[in-house]
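Colleague: Here is a sequence together with a model predicted from it:
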Amino acid sequence: MALYPTIIVLFGGAGDLVWRKLIPSLFDLHREGRMPERFAVLAVDRLPFREEDLRGRFLGGVQQFARNRKVKKTEWNAFARHVTYLQGDFQDPATYANLASKCAQVDSAWRLKAARIFHLATPPAMVQVIPKLLADAGLNRNRARDRIVVEKPIGHDLDSAREMNRTLRQSFDESQIFRIDHYLGKETVQNILAFRFANPLFEPIWNRRYVDYVTITVAEEVGVGHRGNYYEHAGALRDMVQNHLMQLLCLVAMEPMVSFDADEIRNKKVDVLHALRPISRAEIEQYAVRGQYGQGKLHGKPVREYRQEDDVSPHSRTETFAALKLFVDNWRWQGVPFYLRTGKRLSRQLSEVAIQFRTVPHQSFPAESTRDWHPSRLILSIQPEEGIVMSFQAKYPGPKMLLRPVEMRFTYQEGFAIPTPDAYETLLWDVMNNDPTLFMRADQIEAAWQVLMPVLERWAESNPRGFPNYAAGTCGPKAADELLAREGHSWRPVA
Ligand code: BG6
């Protein structure tokens, strides 16, 4: 399907996100012939830039971050001629008057009214400013063609998220607002829906009768890098759990959708958030664990502790690790714990969902057969491995009936043999297509904050015990293992 002619306006055009993610993804889409036949990319920022310098900077980004980093000159030139720059202060109405006249020039050259996408790759505070000034300049009026894209974080807590959503909706209709959670653009995350609802095989056992517990892990090897300033005020719960992990939980726990309509899918997901059992502040310790990395080793090299990272307080109480035990109070999941964990500077990068099935109702094999017994488990691997692994019992070859766990494995690499697109490619293409399925709706974001508020409040008012409480390069604090061990459950090892 040919995409409608589109002007993509990148606020924060000289910034890191545009350079590292947005331009390389747009370039890849163009290289694959998936951009609209007529499109313009207009980067807006405060700094003075000559257009050729900006294009040079963007080329650098593409050479580092595009899917195929070998960029032919012809490919780059064919893309770069669509890119222009507008210098302007985001707070100054004159910037928006200039922007409106640039858009009008494009419209008259193309002899139509182009779709306009305003992507805010800016600090979150700009959400209070840019939408209103766009509206004042009349750049919000066409509900079908004017769209605004905002990046996380959407708020710092429930109140500020509500406020941010209110501000956005004063200038744009909800149908024009695209809130990015880049996890939803990942192929393996989208595949959770395909796996669950395109295969009748698993649906009958996807419930409390057969599932013992579920673990969702997003482990990172990286630390906070140069983002200490932001991270000090965020922490793992806000930075990762409120958005990425909650979205994964929704996809795993949601009811089947009736159609592939964007709102139908988003309704089913928000139902999960509404069904999450509230955590009472008095019981936080039984449901939530926080951690902060101390010095340690990764790949044999020493790594400094969080409190010594740039722009981080030497007495910081910010958590770089969070684990939660949640329950989904509905018929399907009553009593099944969903354990979520994420952390920085863990022993390796690993994102996965593990569905741990119950054991057999009656053990008919002799005790010696089942010494190495593990109930069946299904792993949905999100990254860096991309695929699905089913582990189950098989007879070990030989005269005796001995049972051992074995694995059945699907990998994207072997199954499809084509490179998976970056999440931003998918998401930007969806915005151009006006398809909000993979974007977060205001009510989802607020429902996710609501669940986390008691934990955030409790953690803010009490001093964390023994920080730093895990060494860089390990699997996180011991308390996170104990959270599961109390129920006889365990995480899959990260290493
Ligand atoms: C971002 C967080 O949303 O996701 C980062 O702000 C985190 O702290 C990143 O590192 C992880 O994304 P990915 O795609 O590398 O798993």
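Modeller: Sure, I can see it.

Colleague: and the stretch 201-350 of the chain, which residues reach the ligand?
Modeller: E220, V222, D239 (Cβ under 6 Å from any ligand atom). Any C-beta I mention is one placed from the backbone N, CA and C, and that applies to glycine too.

Colleague: same thing but at 8 Å, please
Modeller: Within the stretch 201-350 of the chain, the positions near the ligand by Cβ under 8 Å from any ligand atom are 218, 220, 222, 224, 227, 230-231, 234, 239-240, 243-244, 344, 349.

Colleague: where does the stretch 201-350 of the chain dip in pLDDT?
Modeller: Nowhere does the stretch 201-350 of the chain drop to pLDDT under 70.

Colleague: ok so, going back, buried subset of the residues of the stretch 201-350 of the chain next to the ligand?
Modeller: Buried subset of these (neighbour count, 16 or more other Cβ atoms under 10 Å): V218, E220, V224, R227, Y231, A234, D239, M240, N243, H244, K344.

Colleague: Could you dump the residues of the stretch 201-350 of the chain next to the ligand into a markdown table with secondary structure added?
Modeller: As requested, those are arranged in a markdown table below (DSSP: H, G, I helix; E, B strand; the rest coil):
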| residue | secondary structure |
| --- | --- |
| V218 | strand |
| E220 | coil |
| V222 | coil |
| V224 | coil |
| R227 | coil |
| Y230 | helix |
| Y231 | helix |
| A234 | helix |
| D239 | helix |
| M240 | helix |
| N243 | helix |
| H244 | helix |
| K344 | coil |
| Q349 | coil |
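
Colleague: Let me see the contact set for the spatially closest residue to T474 that is not a sequence neighbour.
Modeller: In this structure, T474 finds its nearest non-sequential neighbour in S347, 6.0 Å apart by Cβ to Cβ, 6 or more residues apart in numbering. Contacts for S347 (Cβ atoms under 8 Å, 6 or more residues apart in numbering) come out as A219, E221, L298, G473, T474, C475, V494, A495.

Colleague: Then D372?
Modeller: D372 neighbours (Cβ under 8 Å, 6+ apart): L402, L403, R404, P405.

Colleague: could you give me the average pLDDT of the strand or helix carrying the last one?
Modeller: Read that as P405. For P405, the host element (DSSP states H and E) is strand 402-411. Averaging pLDDT along strand 402-411 gives 94.

Colleague: any idea which helix or strand comes after it?
Modeller: helix 412-416.

Colleague: Alpha carbons of that next one, as CSV, please.
Modeller: The C-alpha atoms that make up helix 412-416 are tabulated as CSV, following Å, rounded to 0.1, in the frame of the first residue of the first chain:
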residue,chain,number,x,y,z
TYR,A,412,14.3,-16.2,13.9
GLN,A,413,17.7,-16.6,12.3
GLU,A,414,17.1,-20.1,11.1
GLY,A,415,13.4,-19.8,10.6
PHE,A,416,13.3,-16.7,8.5
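
Colleague: Which strands or helices does the next helix or strand after that helix pack on?
Modeller: Scanning forward in sequence from helix 412-416 by DSSP H and E, the next helix or strand is helix 423-432. Where contact means 3 or more Cβ pairs under 8 Å, 6 or more residues apart in numbering; DSSP states H and E, helix 423-432 is packed against strand 6-11, helix 23-31, strand 115-120, strand 177-180.

Colleague: Kindly reformat these as JSON lines containing mean neighbour count, mean pLDDT and distance to the ligand.
Modeller: Putting the helices and strands packed on helix 423-432 into JSON lines (neighbours: other Cβ atoms under 10 Å; pLDDT from 0 to 100; distance: least, Cβ to the nearest ligand atom, whole Å) gives the following:
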{"stretch": "strand 6-11", "mean neighbour count": "24", "mean pLDDT": "98", "distance to the ligand": "19"}
{"stretch": "helix 23-31", "mean neighbour count": "24", "mean pLDDT": "97", "distance to the ligand": "13"}
{"stretch": "strand 115-120", "mean neighbour count": "24", "mean pLDDT": "98", "distance to the ligand": "15"}
{"stretch": "strand 177-180", "mean neighbour count": "22", "mean pLDDT": "98", "distance to the ligand": "9"}
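
Colleague: Tabulate those (TSV), appending distance to L456.
Modeller: Formatted as TSV, the helices and strands packed on helix 423-432 follow (distance: least, Cβ to Cβ, whole Å):
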stretch	distance to L456
strand 6-11	29
helix 23-31	32
strand 115-120	25
strand 177-180	20
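
Colleague: Around the ligand, which positions in the stretch 351-495 of the chain sit nearby?
Modeller: Checking the stretch 351-495 of the chain against the ligand by Cβ under 8 Å from any ligand atom, the hits are S351, Q383, A423.

Colleague: What is the lowest-pLDDT residue among those?
Modeller: Ranked by pLDDT, those bottom out at Q383 (93).

Colleague: Closest one to D263 out of the contacts of S347, please.
Modeller: The closest of these to D263 turns out to be A219 (Cβ to Cβ; 32.8 Å).

Colleague: Next up, phi/psi of that closest one, please.
Modeller: phi -100, psi 140 (degrees, to the nearest 10).

Colleague: State the pLDDT value of R69.
Modeller: 85.

Colleague: just the one 5 residues further on next, same as before
Modeller: At T74, the model reports a pLDDT of 96.

Colleague: Just the residues contacting the helix or strand hosting it, thanks.
Modeller: Here T74 sits within helix 73-80, counting by DSSP H and E. Residues from elsewhere that reach helix 73-80 (Cβ under 8 Å, 6+ apart): L26, F27, H30, R31, R55, F58, L59, V62.

Colleague: quick one: buried residues of it?
Modeller: Buried residues in helix 73-80 (16+ other Cβ under 10 Å): E75, W76, F79, A80.

Colleague: just stretch 388-401 next, same as before
Modeller: The neighbour-count check on stretch 388-401 (16+ other Cβ under 10 Å) flags I388, V389, M390, S391, Q393 as buried.

Colleague: For the second one, list each beta-bridge partner.
Modeller: It refers to V389. I379, R409 (DSSP bridges).

Colleague: mind listing the strands for the stretch 151-300 of the chain?
Modeller: 177-180, 211-219, 288-291, 293-294, 296-298 (DSSP state E, counting those that start in this stretch).

Colleague: what's the third one packed up against?
Modeller: Spelled out, it's strand 288-291. Strand 288-291 packs on strand 321-327, helix 442-461, helix 478-485, going by 3+ Cβ pairs under 8 Å, 6+ apart.

Colleague: What strands flank that strand, and is each parallel or antiparallel?
Modeller: Going by DSSP bridges, the partners of strand 288-291 are strand 321-327 (antiparallel).

Colleague: what's in contact with the partner strand?
Modeller: Contacts for strand 321-327 (Cβ under 8 Å, 6+ apart): 235-237, 240-241, 249, 276-277, 279, 286-293, 333-344, 346, 451, 455, 470, 476-477, 479-480, 483-484.

Colleague: And for stretch 83-92?
Modeller: By Cβ under 8 Å, 6+ apart, stretch 83-92 touches 11, 13, 23, 40-49, 51, 54-55, 58, 94-95, 98-99, 102, 122, 126, 129-130, 133.

Colleague: Mind checking which of those land in strands?
Modeller: F11, A40, V41, L42, A43, V44, D45 (DSSP state E).

Colleague: since we're on A198, how many residues are nearby?
Modeller: Using other Cβ atoms under 10 Å, A198 has 8 neighbouring residues.

Colleague: Quick check: the gap between it and F439.
Modeller: Counting by Cβ to Cβ, to the nearest Å, the separation of A198 from F439 is 22 Å.

Colleague: Identify the spatial nearest neighbour of the residue in the stretch 151-300 of the chain that the ligand sits nearest to, chain neighbours not counted.
Modeller: In the stretch 151-300 of the chain, the residue that lies nearest the ligand is D239 (4.7 Å; Cβ to the nearest ligand atom). The spatial neighbour of D239 that comes closest, neighbours along the chain excluded (Cβ to Cβ, 6+ apart), is Y231 at 6.7 Å.
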